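>>> Okay, structure incoming, though there's no sequence with it:
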């Protein structure tokens, strides 16, 4: 399963592509889309949409995994993050690619075993799991890879549980 | 000046088109785009985008005026409103139509003279200003028309002030 992980943001939007199945994960690509914080709000969304379309066309993921953001002390950050999330959701849906959301706690638990891990631990585990020689930077890039790993591992587990439940229902 | 007012939302997105200049305003169209609250989040955005594109193509507004939402007691509502706002911003920008934001207080002050007017007062004034025989319903539709009136009136005033400032600067 190929997953495009998206750590949504307008100033920095982390993107990470991972091929994986439970216990295995290999990095395909990683990057960050940046738009200037003093740029026109509409032009920033258009630029992000074009970059996301380019990644989807180039890497053809089976699924997009996006961080579910609840709140922040900075209302402006919440809004621009929500706008970036909407662009990701819209762009993937128009290409027929399913979008799943994971909370930061779910992602941390999937890659470190603890939902309360800090950023350094997440980056260290992402680096180890993917067998990278250097840690991915900035943090948004590492977070996007962690999201993709989380979905590649948890998504497959959830799909197996669904299949099991369906099989039991048929008995 | 023709303005498309957008009261952003996913369950109900109010749209109102007004032709106006300070002190004058005529309604061109009003409506509400609805998507089911239990629908797929991505499909809801795609549907809203298509409806907005259709309105922009049909009515060719000079500017889009969107309500600036700060916060709400319900975080889910804040997020879906932000997603709808992003879709409106993206869609207009891709057509080269400028987008302006007005706070609810600015809109209320523009149409009723008081930033603390209630919904009934706003609807009553919108109905009177536009010379409508019946009040626009639901409230989202009236709010979208109020936004468009606010921009047609305030936008022109601000443009005049800008021109005046520029003329004085040239002396």
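Here it is on my side, so go on. These numbers were taken from a predicted model, which means no experiment stands behind them. Numbers count the residues shown, from 1 in each chain, chains lettered A, B, ... in the order given.

>>> For residue A:87, which three-state class applies?
What DSSP: H, G, I helix; E, B strand; the rest coil gives for residue A:87 is helix.

>>> quick one: it from chain B, how far?
Using C-beta to the nearest C-beta, to the nearest Å, one gets 6 Å for the distance from residue A:87 to chain B. For glycine as for every other residue, the C-beta is placed from the backbone atoms N, C-alpha and C.

>>> ok, residue A:37 touching residue A:76?
No - contact criterion C-beta atoms under 8 Å: residue A:37 and residue A:76 do not qualify, at 9.4 Å.

>>> Can you tell me the closest non-neighbouring residue to residue A:80?
Counting by C-beta to C-beta, 6 or more residues apart in numbering or on different chains, residue A:80 lies nearest to residue A:10, which is 4.2 Å off, once chain neighbours are set aside.

>>> Report the distance from the helix or strand where residue A:105 lies to the chain centre.
Following DSSP states H and E, one finds residue A:105 within helix A:104-112. Taking the mean of its C-alpha atoms, helix A:104-112 sits 12 Å from the chain's own mean (C-alpha atoms, centre = their mean, to the nearest Å).

>>> Which strands and helices lie in contact with the following helix or strand past that helix?
Counting by DSSP H and E, the next helix or strand C-terminal to helix A:104-112 is helix A:119-129. Here helix A:119-129 is seen to pack against helix A:104-112, helix A:139-150 when contacts are counted using 3 or more C-beta pairs under 8 Å, 6 or more residues apart in numbering or on different chains; DSSP states H and E.

>>> Return the distance of helix A:119-129 from the chain's centre.
Here helix A:119-129 is found 15 Å from its chain centre; the criterion is C-alpha atoms, centre = their mean.

>>> what comes up buried for it?
Across helix A:119-129, burial judged by 16 or more other C-beta atoms under 10 Å in any protein chain shown covers A:122, A:123, A:124, A:125, A:126, A:127, A:129.

>>> Can you report how many residues neighbour the closest residue to residue A:109 other than its chain neighbours?
Excluding the flanking residues, the one nearest residue A:109 by C-beta to C-beta, 6+ apart is residue A:115, at 4.2 Å. Counted with other C-beta atoms under 10 Å in any protein chain shown, the neighbours of residue A:115 add up to 13.

>>> tell me which parts of chain A are close to chain B?
Neighbours of chain B within chain A, by C-beta under 8 Å from any C-beta of the partner chain: A:40-43, A:45-46, A:49, A:70-71, A:75, A:78-79, A:82-87, A:89-90, A:92-94, A:99.

>>> and residue A:96, helix, strand or coil?
Under the three-state scheme (three-state DSSP), residue A:96 adopts coil.

>>> Need the phi and psi values for it.
phi 80, psi 20 (degrees, to the nearest 10).

>>> Between the two ends of stretch A:151-161, how far is it?
Using C-alpha to C-alpha, to the nearest Å, the gap from the first to the last residue of stretch A:151-161 comes to 15 Å.

>>> That stretch - what's its average pLDDT?
For stretch A:151-161, the mean pLDDT works out to 78.

>>> which stretches of chain A aren't confidently modelled?
A:71-73, A:156, A:158-160, A:162, A:169-171 (pLDDT under 70).

>>> Just the buried ones from the residues of chain A next to chain B, in PyMOL syntax?
Remark: buried members of the residues of chain A next to chain B, expressed as a PyMOL selection using 16+ other C-beta under 10 Å:
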select buried, chain A and resi 41+42+45+46+49+78+79+82+83+84+85+86+87+89+90+92+93+94+99
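
>>> From the residues of chain A next to chain B, which land in strands?
Counted as lying in strands by DSSP state E, out of the residues of chain A next to chain B, are residue A:99.

>>> What about the residues of chain A next to chain B, which are in helices?
Members of those lying in helices (criterion: DSSP state H): A:41-43, A:45-46, A:49, A:75, A:78-79, A:82-87, A:89-90, A:92-94.

>>> Please report phi then psi for the residue nearest to residue A:109.
phi -70, psi -10.

>>> can I assume it is in contact with residue A:121?
No - with contacts counted by C-beta under 8 Å, residue A:115 stays clear of residue A:121, the gap being 11.4 Å.

>>> Overlap in contacts, those two.
Applying C-beta atoms under 8 Å, 6 or more residues apart in numbering or on different chains, one finds that residue A:115 and residue A:121 are jointly contacted by residue A:108.

>>> picking up where we left off before, check contacts around the residue nearest to residue A:80.
Residue A:10 sits next to A:35, A:37, A:44, A:45, A:48, A:80, A:81, A:83, A:84 when contact means C-beta under 8 Å, 6+ apart.

>>> Surely the second one is within a strand?
No - for residue A:37, which was evaluated using three-state DSSP, the result is coil, with no strand membership.

>>> Not counting sequence-adjacent ones, nearest residue to it?
Nearest residue to residue A:37 in three dimensions, chain neighbours excluded: residue A:11, at 5.1 Å (C-beta to C-beta, 6+ apart).
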